[in-house]
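> 3D model of this:
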Amino acid sequence: MNEQQPDIDALVQRNRELEQDLRRMEQTFKQQAHKLQERIKEINCLYGISKILEQTGLSLEETFQQVVDLIPPSWQYPEITCAQLLINDQSYRTENYKNTFWKQQAEILAYGAPMGILTVCYLEKRSDQDEGPFLAEERSLINAVAELLGRASERKLAEKEIRESRRKLKEQNQQLKEKNIALREVMNQLREEKTDLEKRVLANVENMLLPLVQKMGDQGSDLDREYLGLLEENIARLTSTFGTRISRLNQRLTPRENEICNMIRTGLSSKEIAKMLNLSYRSVETYRNHIRKKLGITNKKVNLTSYLSGL
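Numbering: from 1, shown residues only. You can find the predicted model right below:
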């Protein structure tokens with residue numbers, strides 16, 4: 001009987017050790033299960049926020065409020081957790097928000113500049129963990145949420161700038177269309193005024209100026225009649241297309257060459273031109289050669305008088 005007593009005591013001791021190991025395993029399992037559950041909540045939080053930020057129909061204000069409401073269930077003690085987002089001079093908070101001593105905060109950056117702050121508070125005291133009553137994983141989570149909000153703000157700001165740029169571009173296009181319409185109206189009015197002016201000038205030339213020149217020619221000398229004939233020809237040319245075409249050549253012709261050019265077109269010979277301009281015959285011929293060269297008809301079998309008459 002005494003020989004069996006040590007065996008029983010050993011079995012009892014072993015049983016106690018097994019019970020302690022089991023309790024430790026149960027405690028470890030509960031801790032691991034709790035951590036796993038917390039990680040699942042964190043993953044769900046980040047996934048939910050990502051889905052909110054992906055929605056295109058939400059305004060920036062609606063987006064921020066939905067993100068704030070999603071935060072408390074993701075912390076270790078959701079029943080006493082509240083949150084607030086201060087961004088762009090606006091506040092978004094859960095209904096139970098209260099600023100307490102037990103809190104975590106993360107700065108929100110957009111394009112490298114601070115634009116807000118995210119705060120998570122506990123409404124009651126809890127035992128200290130890694131950061132006050134908060135877990136180290138919760139610090140990582142609030143930082144990740146702040147980073148997502150910063151990126152969302154950058155994207156929303158960029159979208160707003162694009163919409164504003166499109167609006168301004170649309171307004172500028174409309175203003176440009178209106179200016180084009182006004183410009184066409186002005187051009188049409190100028191064309192009408194030009195046509196009316198041409199008609200009045202032509203009427204004045206035919207009814208007043210030409211009869212006066214003809215009357216002067218009847219009373220003057222032969223030389224006067226030649227000058228007046230040339231004047232009459234030039235006046236008639238002003239009412240024809242020749243004046244417009246020959247004016248395009250004025251950039252190449254000198255004033256004297258242009259004068260001789262007009263005389264040649266009326267049919268005057270070099271001798272007659274020399275007499276009227278008090279030049280030598282050779283000088284007039286030199287001018288004719290210069291004119292042909294500038295008109296691009298040198299060494300061509302083209303009659304200068306005919307060429308000028310055809311303009």
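
> just the helices in the stretch 151-300 of the chain please.
Secondary structure of the stretch 151-300 of the chain by DSSP state H, counting those that start in this stretch: the helices cover 210-219, 222-238, 242-248, 255-265, 270-277, 281-294.

> Out of these, name the one with the poorest average pLDDT.
Lowest mean pLDDT within the helices of the stretch 151-300 of the chain: helix 242-248, at a mean of 51.

> Can you name every helix or strand that the helix or strand where Val145 lies contacts?
Taking DSSP states H and E as the criterion, Val145 maps to helix 136-204. Judged by 3 or more C-beta pairs under 8 Å, 6 or more residues apart in numbering; DSSP states H and E, helix 136-204 is in contact with helix 5-54, helix 60-70, strand 81-87, strand 103-110, strand 113-122. Bear in mind the C-beta positions are built from the backbone N, C-alpha and C, glycine included.

> ok and the first one relative to helix 136-204, angle-wise?
The directions of helix 5-54 and helix 136-204 differ by 10 degrees, with axes from the mean of the first three to the mean of the last three C-alpha atoms, to 10 degrees as the criterion.

> Likewise for the third one?
Relative orientation of strand 81-87 and helix 136-204, computed by the same axes, to 10 degrees: 30 degrees.

> Please point out which parts of the next helix or strand after strand 81-87 sit buried.
As assigned by DSSP H and E, the chain's next helix or strand after strand 81-87 is strand 90-93. Residues Tyr92, Arg93 are the ones in strand 90-93 that count as buried (16 or more other C-beta atoms under 10 Å).

> could you give me the average pLDDT of strand 90-93?
94.

> returning to what we had before: need the winner for burial among the helices and strands packed on helix 136-204.
strand 81-87 (a mean of 21; mean count of other C-beta atoms under 10 Å).

> so what secondary structure elements neighbour that strand?
Using 3+ C-beta pairs under 8 Å, 6+ apart: strand 81-87 touches helix 60-70, strand 90-93, strand 113-122, helix 136-204.

> so where's this structure uncertain?
1-6, 28-38, 202-251, 311 (pLDDT under 70).

> per the record, what domains does it have?
The record's domain parsing of the chain by automatic domain parsing lists 29-160, 221-309.

> Export these to CSV and append columns for distance to Arg23.
Formatted as CSV, the domains of the chain follow (distance: least, C-beta to C-beta, whole Å):
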stretch, distance to Arg23
domain 29-160, 10
domain 221-309, 110
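
> of all those domains, which lies closest to Glu19?
Across the domains of the chain, Glu19 has its closest neighbour in domain 29-160 (15.3 Å, C-beta to C-beta).

> ok now that closest one, how far from the chain's centre?
The chain centre lies 36 Å from the centre of domain 29-160; the measure is C-alpha atoms, centre = their mean, to the nearest Å.

> same deal with stretch 284-292?
Distance, centroid of stretch 284-292 to centroid of chain: 58 Å (C-alpha atoms, centre = their mean).

> Could I have the CA atoms of that stretch written out in PDB?
Presented in PDB, the C-alpha positions along stretch 284-292 are these (Å, rounded to 0.1, in the frame of the first residue of the first chain):
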ATOM      1  CA  VAL A 284      13.000 106.100-120.100                       C
ATOM      2  CA  GLU A 285      14.300 102.900-121.900                       C
ATOM      3  CA  THR A 286      16.400 102.200-118.800                       C
ATOM      4  CA  TYR A 287      13.300 102.500-116.600                       C
ATOM      5  CA  ARG A 288      11.400 100.200-118.900                       C
ATOM      6  CA  ASN A 289      14.100  97.600-118.600                       C
ATOM      7  CA  HIS A 290      14.000  97.900-114.800                       C
ATOM      8  CA  ILE A 291      10.300  97.600-114.700                       C
ATOM      9  CA  ARG A 292      10.400  94.400-116.900                       C
END
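
> so which of the helices and strands packed on helix 136-204 comes closest to Arg191?
helix 60-70 (53.9 Å).

> so that closest one versus strand 113-122, what angle?
Going by the same axes, to 10 degrees, helix 60-70 makes 30 degrees with strand 113-122.

> Contacts for helix 60-70 next, please.
45, 48-49, 52-53, 55, 58, 83-85, 87, 90, 92-94, 145, 148-149, 152-153, 156 (C-beta atoms under 8 Å, 6 or more residues apart in numbering).

> same check, this time on stretch 39-49
Contacts of stretch 39-49 (C-beta under 8 Å, 6+ apart): Val67, Leu70, Ile71, Pro73, Ser74, Trp75, Glu137, Glu138, Leu141, Ala144, Val145, Leu148.

> I'd like the distance between the fifth one and Leu58.
The one in question is Ser74. Distance, Ser74 to Leu58, using C-beta to C-beta, to the nearest Å: 20 Å.

> Please say which of these two ends up with more neighbours.
Ser74 (24 against 15; other C-beta atoms under 10 Å).

> If anything else comes up later, I'll come back, but that's it for now.
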